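Peer 1: Here's a sequence, model it:
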Amino acid sequence: MAEAQNDASNEGKKSNLGKLLLPLFALINLGVVGGGAFLVFKSTLGYHPPTLREPAALEEMKKGREAGEGEVESVMYTMPAFTVNLAGQPRRMIRVEMTFEMLDKEGFEEIVRNSPAARDSIVRILNGKQFNDVESIQGKLFLKDQISVALNNALKAGVIKDIYFNEFLVQ
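Peer 2: Numbers count the residues shown, from 1 in each chain. Down below sits the predicted model:
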């Protein structure tokens, strides 16, 4: 008889323990999910999309349109795809094909003429990147911005308005 009372009291303790642990685990789960959501939100607060446009060139283009020179269309140049090793371990390779949107025909001619120097600048930038740097969307946008700044500094007459990745493969 003492065993029956012992079993009944153990079952009562187990059910009380279950009633206490379920809300406790639910509360811990909500805290972890809420904390993760807060960290994701906090990491995206300071992000500003990169601007790839040169303010002086855009102002000049606006003045030309107001003066009646007509619509100036941008010119696209697609650089042939190339493969580059990324930095870091394990060793990875990246294959990139990109299109440059130039403000005018002069810039197009200049980048075609200086294509080897432009490729070299891009290869040097990509060689310094690791897989973690280019796997996210923000990493790709930062890479676009870095490439456009480097090429705009190298160009004398032309201005790169935007860069489009046609192919972006990392192995």
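Peer 1: same question for the longest helix along the chain, mean pLDDT?
Peer 2: Among all segments of the chain classified by DSSP state H, the helix with the greatest residue count is helix 2-45. Average pLDDT, helix 2-45: 77.
Peer 1: tell me the domain ranges of the chain?
Peer 2: Following automatic domain parsing, one finds the domains of the chain at 1-46, 55-170.
Peer 1: quick one: residue 137 from residue 144, how far?
Peer 2: 11 Å (Cβ to Cβ, to the nearest Å). Bear in mind the C-beta positions are built from the backbone N, C-alpha and C, glycine included.
Peer 1: Show me which of the two is the more surrounded one.
Peer 2: residue 144 (18 against 8; other Cβ atoms under 10 Å).
Peer 1: Give the buried residues for whatever helix or strand that one lives in.
Peer 2: Following DSSP states H and E, the helix or strand that holds residue 144 is helix 137-154. Using 16 or more other Cβ atoms under 10 Å as the test for burial, helix 137-154 gives 142, 143, 144, 146, 147, 148, 150, 151, 152, 154.
Peer 1: do the same with stretch 97-113
Peer 2: 98, 100, 101, 102, 103, 104, 107, 108, 110, 111.
Peer 1: quick one: it to chain centroid distance?
Peer 2: Mean-position distance between stretch 97-113 and its chain equals 23 Å (Cα atoms, centre = their mean, to the nearest Å).
Peer 1: What's the mean pLDDT across it?
Peer 2: In this model, stretch 97-113 has an average pLDDT of 88.
Peer 1: from the chain's centre, how far out does stretch 83-101 sit?
Peer 2: Stretch 83-101 sits 14 Å away from the centroid of its parent chain (Cα atoms, centre = their mean).
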